[in-house]
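# This is a predicted model, with the sequence first.
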2 protein chains.
Amino acid sequence: MSVDRLIDAIDAKKNPTVLGLDPQPEHIPPDILEKYIAERGNTLSALCGAYEAYITALIDTLYDIIPAVKLQSACYEALGPEGMDVFLRGIQAARARGLYVIADAKRGDIGSTSRAYSAAFLGRTELNGTPLPVFDADALTVNPYLGSDNLAPFLKDCETYDKMIFVLCKTSNPSAVEVQEQTVGDRPLYRVIARQISDAGRHLAGRYGYLSTGIVAGATQPESIRQLRSLHPELFFLVPGYGAQGGTAADLAAAFDKNGRGAIVNNSRGIGCAWQKTGKPFVDAARDAAIAMRNDLREAL
Amino acid sequence: MSVDRLIDAIDAKKNPTVLGLDPQPEHIPPDILEKYIAERGNTLSALCGAYEAYITALIDTLYDIIPAVKLQSACYEALGPEGMDVFLRGIQAARARGLYVIADAKRGDIGSTSRAYSAAFLGRTELNGTPLPVFDADALTVNPYLGSDNLAPFLKDCETYDKMIFVLCKTSNPSAVEVQEQTVGDRPLYRVIARQISDAGRHLAGRYGYLSTGIVAGATQPESIRQLRSLHPELFFLVPGYGAQGGTAADLAAAFDKNGRGAIVNNSRGIGCAWQKTGKPFVDAARDAAIAMRNDLREAL
């Protein structure tokens, strides 16, 4: 089961951190950015070169202490087709370093379209019976708004190709309440969603009791994390919102079970932009920040 | 206003049809597919060549009778970065033919990520103060699950670059009920969403009374379309589900106002795969089907 590979990777590094590779132009250290602008001008291609150098350096610096990376698709799409090349090579570079790779693309559609998304990120595109891998990540974030028609193709690829999905449940942004906390019967909508995801993944249980259908549950809502953990001991959590978005290790301790398992905590800017707060070279600042986060999480658990 | 450009294009052709360019391997006429497989083998690149030939032929054959196209991003993502090149060139080919272009990517995220998606599809990616267009469609489909934090960047680009969004409200798939029809207070969730979209786009009203924040409302739910139209005379509808998914012209007549405006109806396979049901060359079959649909809609309105 894909969720077991993720848990084993976390256990091996004793670190439930996922490094977010979500580059924006202002995240890139000036020396890297200027090198590519000098070569390619103020173009999308210059940003592509800079993003690739930046994420590759982060992967190479941190792969021995971090079990997983999460690439935010939007950042690469914002550079067009060449950006998607950087996204693909980023996934490949991380997998080559033994990292578990989450494609954070929050896809959701219906029927054959959902199948195409699943083929893109988890499965294979078939031509004349030849299965062709595309981005081929270990896991994908998925949006639940279209219901189980959307989920079905992803679940199938989770089974066939040993992959995992994380379905948006309770996100870390302030306006999450506008839809996710609307009351349905006696419960907020996000709890209806969590139940649906749990039912949908029942056949994808791994040896630690977790399913390969996890959820996204933001660190900025400790009370909802606590509730979801107690209601759903079978759901693995991807937790955004630590650091830059205001969530603390104490807030998210409730995401973990009594063995210190059950969640992985994302940090993007807190690690990749640590150079902005220190005088150190960017890779050294990133490593210091990643170690500090690991220790912070270890202490809270 | 972007919505006015769309309405003018529909009026000029007297045809509220949007041609869905949602290729899948099995949609491509064998002679096209075989040509590229002969050149490039059973590869993603062969599919890229075939998809581009296929959608370009459809655009060139239909641009004089159809006002708009909708490119389903998933189909191109399923071919990897080179597929996104085909997606980009498809958008450019359609715009060069004077067509209104909807990128159907159903994106939704938060904060800076949502900004990156909006830059990718509607706005610009900035580097050193230089605004760089990326896919640059006229409109984008958007997922509402993350609330107004997600919408804000898209709304800003709608204003700055004269673009439009269509937010998923009531989709055409059977399992749409599982989330979208959950009862919130006295209403189904999709009506809460419709109200939010309407409020969010109040400042984007065009001269026909419609906002540049539209909604997706499936043809397979005539009763909910009727309700949404009567509650929201200001919301323009993108209507999937005609033809292949079972919606008829009579079902969706209620999507239109008394002047025959207010909606555009998508058809993908019914036009692009019409060749499978006739002995005719694929472009001729597509043209026949597009004209038949136009006449069917004209009659129903």
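Thanks, I have it. Residues are numbered from 1 along each chain as shown, chains lettered A, B, ... in the order given.

# Using the three-state scheme, assign the residue nearest to the spatial centre of chain A.
In chain A, the C-alpha nearest the mean C-alpha coordinate belongs to residue A:70, at 3.8 Å (C-alpha atoms, centre = their mean). Classification of residue A:70 using DSSP: H, G, I helix; E, B strand; the rest coil returns strand.

# Find the closest residue to chain B in the stretch 1-150 of chain A.
Proximity of the stretch 1-150 of chain A to chain B (C-beta to the nearest C-beta) peaks at residue A:147, 3.2 Å away. Bear in mind the C-beta positions are built from the backbone N, C-alpha and C, glycine included.

# can you tell me the residue of the stretch 151-300 of chain A closest to chain B?
residue A:175 (3.2 Å).

# Need the pLDDT of the residue of the stretch 1-150 of chain A closest to chain B.
We have a pLDDT of 86 for residue A:147.

# isn't there a helix covering residue A:215?
No. Under three-state DSSP, residue A:215 falls outside any helix and is assigned strand.

# thought it was touching residue A:169?
Yes. Contact between residue A:215 and residue A:169 holds when scored by C-beta atoms under 8 Å: they sit 3.9 Å apart.

# overlap in contacts of the two?
Both residue A:215 and residue A:169 are in contact with A:193, A:194, A:197, A:228, where contact means C-beta atoms under 8 Å, 6 or more residues apart in numbering or on different chains.

# If we look just around chain B, which residues of the stretch 151-300 of chain A are in range?
A:168, A:171-180, A:182-185, A:189, A:192-193, A:196 (C-beta under 8 Å from any C-beta of the partner chain).

# Drop anything exposed from the residues you listed.
Neighbour counting with 16 or more other C-beta atoms under 10 Å in any protein chain shown marks A:168, A:171-173, A:175-176, A:178-180, A:182, A:184, A:189, A:192-193, A:196 as buried within these.

# Filter those down to the ones in helices?
A:178, A:179, A:180, A:189, A:192, A:193, A:196 (DSSP state H).

# Quick check: the two most widely separated of the residues you listed?
Within those, A:178 and A:196 form the most distant pair, 19.7 Å apart (C-beta to C-beta).

# what ranges do the helices span in the stretch 151-300 of chain A?
A:177-180, A:189-200, A:222-231, A:249-252, A:269-272, A:282-300 (DSSP state H, counting those that start in this stretch).

# Reformat those as a markdown table; add mean pLDDT.
Shown next, in a markdown table, are the helices of the stretch 151-300 of chain A (pLDDT from 0 to 100):
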| stretch | mean pLDDT |
| --- | --- |
| helix A:177-180 | 82 |
| helix A:189-200 | 93 |
| helix A:222-231 | 92 |
| helix A:249-252 | 82 |
| helix A:269-272 | 96 |
| helix A:282-300 | 96 |
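
# quick one, which of those is packed in tightest?
Comparing these by mean neighbour count (mean count of other C-beta atoms under 10 Å in any protein chain shown), helix A:269-272 comes out on top with a mean of 24.

# for it, packing partners?
strand A:17-21, helix A:44-62, helix A:282-300 (3 or more C-beta pairs under 8 Å, 6 or more residues apart in numbering or on different chains; DSSP states H and E).

# Could you export those as JSON lines, including distance to residue B:160?
Shown next, in JSON lines, are the helices and strands packed on helix A:269-272 (distance: least, C-beta to C-beta, whole Å):
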{"stretch": "strand A:17-21", "distance to residue B:160": "28"}
{"stretch": "helix A:44-62", "distance to residue B:160": "19"}
{"stretch": "helix A:282-300", "distance to residue B:160": "32"}
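
# nearest to residue B:129, of the ones you listed?
That would be, of these and by C-beta to C-beta, helix A:44-62, which comes in at 13.6 Å.

# can you tell if the closest one touches chain B?
Yes. Judged by C-beta under 8 Å from any C-beta, helix A:44-62 comes into contact with chain B through A:44, A:46, A:47.

# Name the nearest residue to residue A:160, sequence neighbours excluded.
residue A:123 (6.8 Å; C-beta to C-beta, 6 or more residues apart in numbering or on different chains).

# wait, isn't the residue nearest to the centre of chain A in contact with residue A:100?
No. Applying C-beta under 8 Å, one finds residue A:70 not in contact with residue A:100, separated by 9.4 Å.

# Residue A:132 is nearest to which of the helices of the stretch 151-300 of chain A?
helix A:189-200 (26.7 Å).

# Just the C-alpha atoms of the closest one, please, in CSV.
What follows is helix A:189-200, C-alpha atoms only, in CSV (Å, rounded to 0.1, in the frame of the first residue of the first chain):
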residue,chain,number,x,y,z
LEU,A,189,-19.9,19.6,5.3
TYR,A,190,-16.2,18.6,5.8
ARG,A,191,-17.2,15.8,8.1
VAL,A,192,-19.6,14.5,5.4
ILE,A,193,-16.7,14.5,3.0
ALA,A,194,-14.3,12.7,5.5
ARG,A,195,-16.9,10.0,5.9
GLN,A,196,-17.3,9.6,2.1
ILE,A,197,-13.5,9.4,1.6
SER,A,198,-13.2,6.8,4.4
ASP,A,199,-16.0,4.7,2.8
ALA,A,200,-14.5,5.0,-0.6
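
# quick one: contacts of that helix?
With C-beta under 8 Å, 6+ apart, helix A:189-200 has contacts from A:144, A:147-148, A:151, A:155, A:167-170, A:179-184, A:211, A:213-215, A:224, A:227-228, A:231-232, A:234-235, B:178-179, B:182, B:184, B:189.

# repeat that for 7 Å
Identification of contacts with helix A:189-200 by C-beta atoms under 7 Å, 6 or more residues apart in numbering or on different chains yields A:144, A:148, A:151, A:155, A:167, A:169-170, A:179-182, A:184, A:211, A:213, A:215, A:224, A:228, A:232, A:234-235, B:178, B:182.

# Show the contacting residues for residue A:78.
Applying C-beta under 7 Å, 6+ apart to residue A:78 gives the contacts B:116, B:119, B:120, B:125, B:134.

# Let's see if you can find the most crowded of the residues you listed.
residue B:120 (30 neighbours; other C-beta atoms under 10 Å in any protein chain shown).

# so which strand or helix has that residue?
Counting by DSSP states H and E, the element that carries residue B:120 is helix B:111-121.

# Ok, residue A:104 next?
strand A:100-107.

# and that strand with strand B:100-107, angle?
Taking axes from the mean of the first three to the mean of the last three C-alpha atoms, to 10 degrees, one finds that strand A:100-107 is oriented at 130 degrees with respect to strand B:100-107.
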